[in-house]
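Trainee: Okay, sequence plus prediction incoming.
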Amino acid sequence: MEMLCRSRRLRTNEAIRELSRETRISKQSLIYPMFVREGSGIKEEIPSLYNQYHYSPDTICEAIEELVKVGITKILLFGIPAHKDEIGSSAWQDDGAVQQAIREIKKNFPQVYCITDVCMCEYTSHGHCGVLCETTTVDNDKTLELLAKTALSHVHAGADMVAPSDMMDGRVLAIRKALDSEGYTHIPIMAYSAKYASAFYGPFRDAAGSAPSFGDRRSYQMDIHNRKEALKEIDSDVLEGADIVMVKPALSYLDIIYQASQRTNLPLAAYSVSGEYAMIEAAAKADLVDRDRIIGETAVSIFRAGADILITYHAKEIARLIDQGKIG
Ligand code: PBG
């Protein structure tokens with residue numbers, strides 16, 4: 001039979017499949033999110049996030065050691081304070097959980113790149129991502145000051161990069177100005193640019209005790225129906241000086257990741273969030289899917305869509321799959 005194009009030729013064996021592979025995954029592109037809680041001697045599994053733990057600043061290095069062993073050296077830190085109030089004042093304390101943890105990590109593992117999540121919702125008594133107001137739930141401009149203060153305190157403690165996740169307008173510029181005013185011109189900002197008001201954050205909010213006590217986050221996080229708005233958010237963060245932009249969640253937003261990757265020349269991060277992790281783990285536990293293959297396929301799909309960086313609770317598993325040659 002005469003046939004000029006035989007696509008199967010490039011699928012004949014592993015060698016040719018490797019050569020013709022379009023998407024490659026590297027441990028270097030992975031970021032592992034971690035939760036640090038004020039206190040001491042803490043290592044507690046998070047009920048909503050199987051195999052993910054709360055650590056205190058004095059125990060977190062045990063987990064970092066494990067991570068480094070499998071070749072993951074970038075983390076995203078979330079703090080859980082002992083004390084919450086209306087304005088989230090624990091967020092910028094020099095002896096806060098995140099600030100202490102960074103110091104510990106930098107002392108023991110200087111090669112580990114520490115990114116901090118900058119937001120108020122873990123620190124406010126009402127669980128919103130900023131200072132309350134009557135008209136739009138959160139007072140945008142008052143919140144900017146607190147975010148800038150928080151980012152600065154993380155950087156004082158040794159953070160390598162800050163990642164604002166609050167979705168206030170103008171936060172990237174406010175943080176950039178605050179960092180520059182103290183000479184931290186070399187510290188990059190990774191902006192949670194297109195962050196949707198998603199149900200996929202459920203397990204995280206249990207883990208961080210950050211579910212809003214009233215209302216929801218729809219006056220600041222994005223409407224799930226929108227696509228162009230994501231590009232607008234990315235454009236404005238770029239103009240404000242973001243160094244890396246992010247789409248979040250990942251799996252239900254691969255269209256946005258793809259479009260964002262076409263749009264911006266900045267590195268693009270995707271955050272595979274707690275609900276995505278929890279769904280895979282639950283399905284695997286129920287023996288409904290092959291855990292390793294689902295983790296691998298999910299990660300590949302996010303990179304294939306155009307992400308350069310993947311933030312994932314499965315970072316250690318993905319590292320193992322790479323080592324075993326199952327993905328790559
Ligand atoms: C803080 C923040 C959230 C997540 C990252 N930063 C929660 C939220 O917006 O409610 C979610 C991460 C995850 O679900 O894994 N604003």
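Mentor: Right, received. Where do you want to start?
Trainee: How far off centre is stretch 260-279?
Mentor: Centroid separation for stretch 260-279 versus its chain: 8 Å, with Cα atoms, centre = their mean, to the nearest Å.
Trainee: hey, C-alpha coordinates of that stretch in PDB?
Mentor: Listed in PDB are the C-alpha atoms of stretch 260-279, where the atom choice follows Å, rounded to 0.1, in the frame of the first residue of the first chain:
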ATOM      1  CA  ALA A 260      -1.100  32.900  28.600                       C
ATOM      2  CA  SER A 261       2.000  31.100  27.200                       C
ATOM      3  CA  GLN A 262       1.300  32.500  23.800                       C
ATOM      4  CA  ARG A 263       0.800  36.000  25.200                       C
ATOM      5  CA  THR A 264       3.700  36.600  27.600                       C
ATOM      6  CA  ASN A 265       7.400  36.400  27.300                       C
ATOM      7  CA  LEU A 266       7.800  36.000  31.100                       C
ATOM      8  CA  PRO A 267       8.100  32.500  32.600                       C
ATOM      9  CA  LEU A 268       4.700  31.100  33.200                       C
ATOM     10  CA  ALA A 269       3.900  29.100  36.300                       C
ATOM     11  CA  ALA A 270       0.900  26.900  36.800                       C
ATOM     12  CA  TYR A 271      -0.400  25.900  40.300                       C
ATOM     13  CA  SER A 272      -1.900  22.400  40.500                       C
ATOM     14  CA  VAL A 273      -3.900  23.100  43.600                       C
ATOM     15  CA  SER A 274      -5.000  21.200  46.700                       C
ATOM     16  CA  GLY A 275      -8.300  19.900  45.200                       C
ATOM     17  CA  GLU A 276      -6.500  18.600  42.100                       C
ATOM     18  CA  TYR A 277      -4.100  16.700  44.400                       C
ATOM     19  CA  ALA A 278      -6.800  15.400  46.700                       C
ATOM     20  CA  MET A 279      -8.900  14.100  43.800                       C
END
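Trainee: For it, list every residue counted as buried.
Mentor: By 16 or more other Cβ atoms under 10 Å, the buried positions in stretch 260-279 come out as 260-261, 263-264, 266-279. All C-beta atoms are positioned from the backbone trio N, CA, C, and that covers glycine.
Trainee: now swap in stretch 240-258 and tell me
Mentor: Buried residues in stretch 240-258, counted by 16+ other Cβ under 10 Å: 240-251, 253-254, 256-258.
Trainee: now do stretch 182-197
Mentor: 184, 187-196.
Trainee: Please dump those residues into TSV; it should also carry distance to the ligand and secondary structure for every row.
Mentor: Output for those, formatted as TSV (distance: Cβ to the nearest ligand atom, whole Å; DSSP: H, G, I helix; E, B strand; the rest coil):
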residue	distance to the ligand	secondary structure
184	22	coil
187	19	coil
188	18	coil
189	15	strand
190	12	strand
191	12	strand
192	7	strand
193	13	strand
194	13	strand
195	7	strand
196	9	strand
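Trainee: Which single one of those residues is nearest to residue 133?
Mentor: Checking those against residue 133 with Cβ to Cβ, the nearest one is residue 195 at 20.3 Å.
Trainee: Next, count neighbours for residue 326.
Mentor: Other residues lying near residue 326 total 13 when counted by other Cβ atoms under 10 Å.
Trainee: so it is in which element?
Mentor: Using DSSP states H and E, residue 326 sits in no helix or strand.
Trainee: wait, it sits on residue 296?
Mentor: Yes: using Cβ atoms under 8 Å, residue 326 is in contact with residue 296, at 5.7 Å.
Trainee: In the stretch 101-250 of the chain, mark out all the strands, start to finish.
Mentor: 113-118, 132-133, 137-138, 161-164, 190-195, 244-248 (DSSP state E, counting those that start in this stretch).
Trainee: Run through who's touching the following helix or strand past the last one.
Mentor: So the one you mean is strand 244-248. Later in the chain than strand 244-248, the nearest helix or strand by DSSP H and E is helix 254-263. Residues from elsewhere that reach helix 254-263 (Cβ atoms under 8 Å, 6 or more residues apart in numbering): 193-194, 227, 230-231, 234-235, 245, 247, 250, 268, 270, 301-302, 305-308.
Trainee: and if you look at stretch 278-297?
Mentor: 48-51, 202-203, 298, 314, 317-318, 321, 326-327.
Trainee: Please dump the residues you listed into JSON lines; it should also carry distance to residue 65 for every row.
Mentor: Converted to JSON lines, the contacts of stretch 278-297 look like this (distance: Cβ to Cβ, whole Å):
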{"residue": "48", "distance to residue 65": "25"}
{"residue": "49", "distance to residue 65": "20"}
{"residue": "50", "distance to residue 65": "21"}
{"residue": "51", "distance to residue 65": "17"}
{"residue": "202", "distance to residue 65": "30"}
{"residue": "203", "distance to residue 65": "25"}
{"residue": "298", "distance to residue 65": "27"}
{"residue": "314", "distance to residue 65": "19"}
{"residue": "317", "distance to residue 65": "18"}
{"residue": "318", "distance to residue 65": "19"}
{"residue": "321", "distance to residue 65": "21"}
{"residue": "326", "distance to residue 65": "24"}
{"residue": "327", "distance to residue 65": "25"}
